[in-house]
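Peer 1: following is a predicted model, sequence given first.
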Amino acid sequence: MTQHLTVVNHPLIQHKLTLMREKDTSTAVFRQLLREISQLLAYEVTDQLPMTTRRIETPLQEMDAPALDGRKLALISILRAGNGLLDGMLELIPSARVGFVGLYRDEETLKPVQYYFKVPDHMDERLVIVVDPMLATGNSSAAAVDLLKQSGAKDIRFLCLLAAPEGVARMKEAHPDVPIVTASLDEKLNEVGYILPGLGDAGDRMFGTK
């Protein structure tokens, strides 16, 4: 992937995203839609995976058939909301290795603080896809990518449902080598850092919490 930001305008993704944005959409439906969209977005973010061929035997003859090459890719969820995208992607890529980054925002400094970090080994040999539904200020996302690079990751992509221009700019400044794939580039952030028009707090809507 070469460009920094890819907005996936597939009709199914955009229709499902509209349903998710509606404030009266139930928790169960929201969660199901997120799982469905994550699978559709996974097609885009896994484009250009390294390929090889292997000899197989069909019911009719032998052939050299295409297959994925290299180590299993790593899916990294930024807790907690990232798990909603992670679930759908794992259905599509069940052999992927999984890691988690836990960050919270210090209310005084407004900077992200790490509370959990567990990732697969050989990160330098894997395609690493970071998942988080919302790219808002970009501070937590940039901090998560910092940690992943410190663990050895070199080939990193960031997948989100919604992005704000401020978050895209922050990520481009901090990590210009990390492509972003999203279903929508929304208008802006409000005064408390929520994406507008957005869909509210993705974690609360996914897990039924307030």
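Peer 2: Structure received.
Peer 1: which other residues reach the longest helix anywhere in the chain?
Peer 2: The residue-count maximum for a helix in the chain (DSSP state H) belongs to helix 27-45. Helix 27-45 has contacts (C-beta atoms under 8 Å, 6 or more residues apart in numbering) with 1, 6, 8, 10, 12-13, 16-17, 19-20, 25, 84-89, 91-93, 129, 131, 133, 157, 159, 161, 181, 183, 202, 205-208. Heads up, the C-betas are built off the backbone N, CA and C, glycines and all.
Peer 1: average pLDDT for it, rounded please.
Peer 2: Per-residue pLDDT values across helix 27-45 average out to 93.
Peer 1: now the strands: where do they sit in the chain?
Peer 2: 5-7, 51-57, 62-68, 74-78, 97-105, 112-118, 127-131, 134-135, 155-163, 180-185, 188-189, 195-196 (DSSP state E).
Peer 1: the inter-axis angle of the third one versus strand 51-57?
Peer 2: Taking axes from the mean of the first three to the mean of the last three C-alpha atoms, to 10 degrees, strand 62-68 and strand 51-57 form an angle of 150 degrees between their directions.
Peer 1: what does strand 62-68 contact?
Peer 2: By C-beta under 8 Å, 6+ apart, the list of residues contacting strand 62-68 reads Leu49, Pro50, Met51, Thr52, Thr53, Arg54, Arg55, Ile56, Glu57.
Peer 1: roughly how far apart are the closest residue to the fifth one other than its chain neighbours and Gly70?
Peer 2: In other words, Thr53. Nearest residue to Thr53, sequence neighbours excluded (C-beta to C-beta, 6 or more residues apart in numbering): Asp64, at 4.3 Å. Plainly put, Asp64 is 18 Å away from Gly70 if you go by C-beta to C-beta, to the nearest Å.
Peer 1: who's more crowded, these two?
Peer 2: Gly70 (13 against 10; other C-beta atoms under 10 Å).
Peer 1: where in the protein is pLDDT low?
Peer 2: 1-2, 110, 210 (pLDDT under 70).
Peer 1: re earlier: now the longest helix of the chain, how far from the centre of its chain.
Peer 2: 11 Å (C-alpha atoms, centre = their mean, to the nearest Å).
Peer 1: ok, and for that helix, which residues are buried?
Peer 2: 30-42, 44-45 (16 or more other C-beta atoms under 10 Å).
Peer 1: how about it as CSV, C-alpha atoms only?
Peer 2: Only the C-alpha atoms of helix 27-45 are listed here, as CSV (Å, rounded to 0.1, in the frame of the first residue of the first chain):
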residue,chain,number,x,y,z
THR,A,27,-26.2,-3.0,20.8
ALA,A,28,-26.7,-6.4,19.2
VAL,A,29,-27.2,-5.0,15.8
PHE,A,30,-24.4,-2.5,16.2
ARG,A,31,-22.0,-5.3,17.2
GLN,A,32,-23.1,-7.5,14.2
LEU,A,33,-22.7,-4.6,11.7
LEU,A,34,-19.2,-3.9,13.0
ARG,A,35,-18.3,-7.5,12.6
GLU,A,36,-19.6,-7.5,9.0
ILE,A,37,-17.9,-4.2,8.1
SER,A,38,-14.6,-5.4,9.6
GLN,A,39,-14.6,-8.4,7.2
LEU,A,40,-15.2,-6.1,4.2
LEU,A,41,-12.5,-3.7,5.3
ALA,A,42,-10.1,-6.7,5.8
TYR,A,43,-10.2,-7.3,2.1
GLU,A,44,-8.8,-3.8,1.5
VAL,A,45,-6.2,-3.8,4.2
